[in-house]
Each structure stands twice: as structure tokens, then as C-alpha cells.
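J.: Below is the structure, and that's it, no one-letter string:
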């Protein structure tokens with residue numbers, strides 16, 4: 001690697017970096033068991049491993065694969081906006097890549113789902129001419145479909161982050177499956193372990209009652225990260241949702257209303273084209 005540098009997106013970058021590479025992998029949702037063969041190989045071969053897992057068991061397992069592992073959760077702080085934490089993580093990742101290293105970043109679940117740092121680090125690395133890619137993994141949504149016996153192709157599937165769903169007045173079809181993520185932290189802008197979910201959930205329930213009615217059954221779902229533990233699946237009438245215990249891992253599953261009638265004339269036109 002030469003000593004000459006030029007200015008990159010985030011600072012000085014060597015003119016030539018023969019080894020620089022960024023791979024963002026997911027550990028899957030279930031601890032250790034969801035880790036793919038390809039992701040494991042990347043973790044083992046990397047010069048530097050950075051991770052954001054939230055599970056000490058998985059972090060220790062990654063450390064056994066590669067002793068260079070360092071956690072990114074040091075960038076979180078109570079009162080610190082999540083956007084600022086994510087920006088610090090991205091720069092931390094790029095600072096390691098710019099050292100002409102093969103860097104592997106391990107994120108829990110699917111590394112591209114609710115995971116700004118991974119996407120942004122890849123985008124900026126590519127702007128600097130650094131090879132960067134993402135490997136997919138099993139997400140909480142994959143476990144949701146399996147645990148609840150749902151097929152998103154049967155009635156369609158709409159998926160929104162709960163706070164975004166409310167503040168942007170998202171348009172949705174109540175005759176299709178509706179999944180709302182992070183219902184236990186509606187309105188939370190930083191990392192607050194003691195956050196009170198009830199006010200936000202009350203607003204969400206009121207918004208949904210207008211389309212579904214207060215007696216419509218909804219399910220609070222939490223995938224299990226461990227093979228020895230069962231997933232949480234609590235079904236309550238929509239009106240009772242604010243009284244239901246929630247956590248940062250809670251997802252709300254709203255089953256569809258009866259399907260809309262079929263347009264027979266259009267169906268006939270489609271059939272005639274065979």
C-alpha cells in the first residue's frame with residue numbers, strides 16, 4: 001500500500017488499496033443457528049470484524065471465529081439521537097476499511113432490514129472505489145411467516161415501521177396482511193430502555209380501529225432468538241392493544257379483512273389471452 005493519499009468521502013484515503021474490502025453480513029435472527037456458511041467464512045477470513053448484535057452469546061461466538069471482533073454498540077447512548085449513533089458507526093466501519101483491510105461487519109437479523117449503517121457504509125465505500133457488498137440472512141419477518149403460518153402471497157403483505165406508519169399517514173389496504181414493526185418504541189428517537197410504549201400504541205390503536213373496528217383480533221409477535229425458547233404470539237382485540245405488554249422487539253400483525261370481490265369482466269379478459 002502506498003503512502004500517497006487523496007480526500008475521500010470521510011477523509012484521507014490511500015491512492016491504492018490492494019486489500020480493502022467491505023462485506024456486511026447478517027447473523028440471522030436465531031442465535032448462531034441462522035448464520036450461513038458464506039457469512040461464517042467471511043467472519044473467519046476478515047482482517048477486522050465489527051459487529052452490532054445485542055446478544056453476548058452471538059458476540060462471543062463471533063469472537064471465537066475471529067479474535068479481532070469489536071462491537072459497534074459503544075456508539076449508542078441514552079439521549080443521543082439514533083441518527084447520530086448510526087453516523088458514528090458508519091465512520092467507524094469506514095475508518096477500518098481505509099486501513100487497507102478486509103472488514104466484515106456482522107449485524108443481527110438480515111443486515112439490510114432496519115439497518116442503516118450497513119447500507120450507508122457500503123454506499124460510501126463504493127464511492128471511494130472500495131469493493132463492498134452485502135450477504136442476506138434470515139430476518140424476524142422470515143420467522144414471523146413460519147411461526148404464524150402466514151403466506152404473504154395469499155392476500156398480499158404490507159410492511160411499515162410503526163412510527164413512520166403514523167406520522168406519514170400511510171395509505172394501506174385493510175384486505176391485505178398488515179405488519180407494523182417496532183410498535184413498542186413508537187416515537188422513540190434515542191435509546192431509552194425505560195421508554196413508555198403505551199401513549200404511542202394508544203394512538204396507533206385508535207388509527208387502526210377506524211379501518212378494522214375495535215374487536216378485530218391482532219397479534220403481538222416476537223421471534224425467539226433461541227432454539228430452546230418459544231416465540232411470543234399474543235392475540236388480543238385491537239381495542240385492548242394499549243394494555244398489552246410490549247418491548248422493542250414487538251411486531252404487530254394485523255390479519256386482513258374479507259377479500260374484495262373479483263372483477264369478473266377483467267378476469268374473463270385475462271383468461272381470453274391464454
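T.: Cool, the structure landed. Bear in mind that the values here come from a model prediction, so they are computed numbers and not experimental data. Residues are numbered from 1 along each chain as shown.

J.: CA only for contacts and neighbour counts going forward, please
T.: Will do.

J.: Strands of the chain, start to end?
T.: Secondary structure of the chain (DSSP state E): strands at 5-7, 12-14, 21-26, 48-52, 70-71, 102-107, 131-134, 157-161, 177-181, 217-222, 232-237, 251-254.

J.: And those strands: which comes nearest residue 64?
T.: With CA to CA as the measure, strand 48-52 is the member of the strands of the chain nearest residue 64 (11.5 Å).

J.: Which elements pack onto the closest one?
T.: On a contact count with 3 or more CA pairs under 8 Å, 6 or more residues apart in numbering; DSSP states H and E, strand 48-52 meets strand 70-71, strand 102-107.

J.: who touches the longest one?
T.: When you say that, I think you mean strand 102-107. With CA atoms under 8 Å, 6 or more residues apart in numbering as the contact definition, strand 102-107 has outside contacts at 19-27, 42-43, 46-53, 93, 96-97, 115, 118.

J.: swap in the shortest one?
T.: When contacts are taken as CA under 8 Å, 6+ apart, the neighbours of strand 70-71 outside the stretch itself are 49-53.

J.: still on that earlier bit, so which of the helices and strands packed on strand 48-52 is the most surrounded?
T.: Each of the helices and strands packed on strand 48-52 was scored by mean neighbour count; the highest is strand 102-107, a mean of 27, by mean count of other CA atoms under 10 Å.

J.: tell me the contacts of residue 180?
T.: Neighbours of residue 180 in contact, by CA under 8 Å, 6+ apart: 159-162, 165, 251-253.

J.: try 7 Å
T.: Applying CA atoms under 7 Å, 6 or more residues apart in numbering, one finds that residue 180 lies in contact with 159-162, 251-253.

J.: Please apply the same query to residue 53.
T.: Residue 53 makes contacts with 59, 107-108, as judged by CA under 7 Å, 6+ apart.

J.: can you check residue 201 too?
T.: Residue 201 makes contacts with 183, 186, 242, as judged by CA under 7 Å, 6+ apart.

J.: One more: residue 35?
T.: 27-28.

J.: Can you check what pLDDT the model gives it?
T.: pLDDT recorded at residue 35 is 93.

J.: Equivalent analysis for residue 26, please.
T.: Note for residue 26: predicted pLDDT of 96.

J.: tally of neighbours for it?
T.: 29 (other CA atoms under 10 Å).

J.: Distance of it relative to residue 185?
T.: The gap separating residue 26 from residue 185 is 23 Å, by CA to CA, to the nearest Å.

J.: Equivalent analysis for residue 42, please.
T.: From residue 42 over to residue 185 (counting by CA to CA), the distance is 33 Å.

J.: what's the answer for residue 44, then?
T.: Residue 44 is 35 Å from residue 185, where distance means CA to CA.

J.: And the two? Which one has more around it.
T.: residue 185 (25 against 19).

J.: need the contact list for residue 197.
T.: Contacts here follow CA under 7 Å, 6+ apart; on that basis residue 197 touches 184-186.

J.: For residue 247, state which of the residues you listed is nearest.
T.: Distances from residue 247 to these, taken as CA to CA, are shortest for residue 184 (4.9 Å).

J.: My read is that that closest one contacts residue 243, right?
T.: No - Residue 184 is beyond contact range of residue 243, at 11.9 Å (criterion: CA atoms under 7 Å).
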